[in-house]
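Novice: sequence-free structure coming up:
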C-alpha cells in the first residue's frame, strides 16, 4: 500500500513515472514535427494527446519536487539527536554499568540542556529574539496605472489662464472645375468662438517631520503617489470633463456619436465597430490616430480566438504595444466599460499646460509647532477641442439589427 511506503520509495516511484511521461511527450512532439514537415495538418487526436501528456508530466514533476523537498527536510532533521530523554538515559555508559552491577547508594546523573530553537517565547533555548529579521528595503507600493491619453494629444503651453480660439463646426466643399469665363462656385465654412480657461488639479498629504526623518523612502513615495493621483484625475477630466465650474471641457461630451457609414458593411463584433469608427473619422476628413478603451473591453478583444483556438490578436508571449490596424490602443480605467473613443487626437485637440505637475512642501495652520508638514501636488492646464467631428464615441457592443 502507498501508505506503507517511505518518502524515498514514493519519490523513486514517481521519478520512474515522470521519466516515462517525458518519453511520451517527446514521442508525441517528434510525431507532430514530422507531420508538420510533411505539410500534414495535426489532428485533434494528436492535439488532445499532447495536452494530456503535458498535463500528466507537469503534475508528476510537481509531486516529485514536493517529495524531494520533504526528503531534504527530513535529512536535515535526522542529523540531530531525535531520542527522548528516557532513551538517552538508558543509553548512557554509567547507567549500563550500574544496571550490570548495582550497588547501594550508587546514582547516575544526566545533564539535560534545552534544545536551541528559534522560538520567541520566554523559555530555555529560545533564541528567536536575537535573530535579525531580513527586512526588505523601501515601501511596497500599490500598482500604478500607465497614463497614455495625454501622449495621443498635441502638446502646448500658455502663459495666461484664458485661451480663445475658433472651432470649426461645419464645412461645405463646392470646389469644381470652371470653364473659361464661368462663375466660380462658393464653398462655406462655419466657425464659432470658443473660450476656455486653465484649471487647477491638486491634492495633498500631511505628514509628521519625524516620519520624513525616520523613513528615508517615505518622501519619494509620497511624491510619486501625489503625482500619480494628478495624472489619474487629469485623464478622467480629459475624457469626461463637462466644462462646468473647475472641470476641463473633455473630449467625449463634444465628440460625434458613432454611426455606421452609409454603404458600409454592418458590424458583427467589437473589432468591426472600431474599424467602422475609423472609417467614420476618415470620411469626416480626419483620419483616426488612436483608440481609447476600458481594460475589460481591450481584454475581450485580445482574447478572441479563431476556429482552431489560436489567438487572433498577438502572441500571448509577446510584448508588443497594443495596436489595432496600426493605431495605438490606450486601455485605461478612466474610460467607462462598454464604451470607446476613436479619433484624430493630434488634429482634433490640444493640451495647454500653464503649470507643470509639481510638488511643494510647506506649513499650514499650526503645523510648525506640531512638527508636521503639508506636501502638495498640483498642475494647471486647459484642453481645447478644435474639431468635435474628429472624435467618434460609442458602444463597443454591436447594435441590434
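Specialist: That came through, no problem. All values derive from a computational prediction rather than experimental measurement.
Novice: all strands of the stretch 151-300 of the chain, in order?
Specialist: Using DSSP state E, counting those that start in this stretch, the strands of the stretch 151-300 of the chain run over residues 162-172, 188-197, 199-208, 256-257, 290-293.
Novice: Identify the residues contacting residue 165.
Specialist: 194, 384, 386 (CB atoms under 8 Å, 6 or more residues apart in numbering). In short, each C-beta sits where N, CA and C put it, glycine included.
Novice: Turn the strands of the stretch 151-300 of the chain into TSV, columns for distance to residue 373 and mean pLDDT.
Specialist: Compiled in TSV, those are given as follows (distance: least, CB to CB, whole Å; pLDDT from 0 to 100):
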stretch	distance to residue 373	mean pLDDT
strand 162-172	34	84
strand 188-197	31	88
strand 199-208	6	86
strand 256-257	48	94
strand 290-293	38	95
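Novice: By neighbour count, which of the contacts of residue 165 wins?
Specialist: When neighbours are counted by other CB atoms under 10 Å, residue 384 leads the contacts of residue 165 with 22 neighbours.
Novice: That one and residue 343: what is the separation?
Specialist: In this view, residue 384 and residue 343 are 14 Å apart by CB to CB, to the nearest Å.
Novice: what residues does stretch 355-370 touch?
Specialist: Applying CB under 8 Å, 6+ apart, the set of residues contacting stretch 355-370 is 200, 206, 223, 226-227, 230-231, 372-381.
Novice: Report the contact partners of residue 274.
Specialist: With contact taken as CB under 8 Å, 6+ apart, residue 274 is in contact with 291, 324, 340, 342, 396.
Novice: one more time with 6 Å
Specialist: residue 291 (CB atoms under 6 Å, 6 or more residues apart in numbering).
Novice: Same check on residue 258?
Specialist: Applying CB under 6 Å, 6+ apart, we find residue 258 in contact with 277, 392, 394.
Novice: and if you look at residue 201?
Specialist: Shown in contact with residue 201 (CB under 6 Å, 6+ apart): 230, 233, 234, 379.
Novice: since we're on the third one, how many residues are nearby?
Specialist: If I follow you right, that is residue 234. When neighbours are defined as other CB under 10 Å, residue 234 has 23 of them.
Novice: try the first one
Specialist: By the measure other CB under 10 Å, the count of residues near residue 230 is 19.
Novice: now the strands of the stretch 151-300 of the chain in a markdown table, with distance to residue 357?
Specialist: Formatted as a markdown table, the strands of the stretch 151-300 of the chain follow (distance: least, CB to CB, whole Å):
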| stretch | distance to residue 357 |
| --- | --- |
| strand 162-172 | 19 |
| strand 188-197 | 19 |
| strand 199-208 | 9 |
| strand 256-257 | 31 |
| strand 290-293 | 21 |
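Novice: Deepest-packed of those strands, please.
Specialist: Stretch with highest mean neighbour count among the strands of the stretch 151-300 of the chain: strand 290-293 (a mean of 26; mean count of other CB atoms under 10 Å).
Novice: Sheet-wise, list the partners of that strand with their directions.
Specialist: Sheet pairing of strand 290-293 (DSSP bridges) gives strand 327-331 (parallel), strand 339-343 (antiparallel).
Novice: Could you dump these into CSV with mean neighbour count and mean pLDDT added?
Specialist: Shown next, in CSV, are these (neighbours: other CB atoms under 10 Å; pLDDT from 0 to 100):
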stretch, mean neighbour count, mean pLDDT
strand 327-331, 19, 92
strand 339-343, 25, 96
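Novice: I'd like to know which of these is closest to residue 283.
Specialist: In terms of CB to CB, the element of the strands paired with strand 290-293 nearest to residue 283 is strand 339-343, at 12.8 Å.
Novice: between the contacts of residue 201, which is closest to residue 172?
Specialist: The shortest approach to residue 172 among these belongs to residue 234, at 36.6 Å (CB to CB).
Novice: How about the closest one, nearest residue that isn't a chain neighbour?
Specialist: Excluding its sequence neighbours, the residue lying closest to residue 234 (CB to CB, 6 or more residues apart in numbering) is residue 201, at 5.8 Å.
Novice: how about low-confidence regions in the stretch 151-300 of the chain?
Specialist: Low-confidence regions of the stretch 151-300 of the chain, defined by pLDDT under 70, span residues 212, 214-219, 221-222.
Novice: can you list the domains in this protein?
Specialist: Listed by automatic domain parsing, the domain ranges of the chain are 2-70, 149-172+189-395.
Novice: Which of those sits closest to residue 180?
Specialist: Residue 180 lies closest, by CB to CB, to one member of those: domain 149-172+189-395, at 25.1 Å.
Novice: The closest one: end-to-end distance?
Specialist: 19 Å (CA to CA, to the nearest Å).
Novice: oh, and call the first residue 26 from now on, that's how I've got it
Specialist: With the count now opening at 26, the last piece we talked about shows up as domain 174-197+214-420.
Novice: Stretch 280-294: which residues count as buried?
Specialist: Neighbour counts over stretch 280-294 (16 or more other CB atoms under 10 Å) mark 280, 281, 283, 285, 292 as buried.
Novice: is it true that residue 423 lies in a helix?
Specialist: No: Residue 423: not assigned to a helix; according to DSSP: H, G, I helix; E, B strand; the rest coil it is coil.
Novice: That one: neighbour count?
Specialist: Counted with other CB under 10 Å, residue 423 comes out at 13.
Novice: Let me know whether it touches residue 295 as I believe.
Specialist: No: with contact defined as CB atoms under 6 Å, residue 423 does not reach residue 295; the gap is 7.2 Å.
Novice: where does the stretch 326-426 of the chain dip in pLDDT?
Specialist: 344-345, 425-426.
Novice: would you list every one of the helices in it?
Specialist: Ranges of helices in the stretch 326-426 of the chain, per DSSP state H, counting those that start in this stretch, are 370-373.
Novice: I'd guessed residue 315 sits against residue 354; true?
Specialist: No: assessed by CB under 6 Å, residue 315 is found out of contact with residue 354, at 7.3 Å.
Novice: Overlap of the contact sets of those two?
Specialist: With CB under 6 Å, 6+ apart, residue 315 and residue 354 have no common neighbours.
Novice: wait, what's in contact with residue 229?
Specialist: Residues near residue 229 by CB under 6 Å, 6+ apart: 399, 401.
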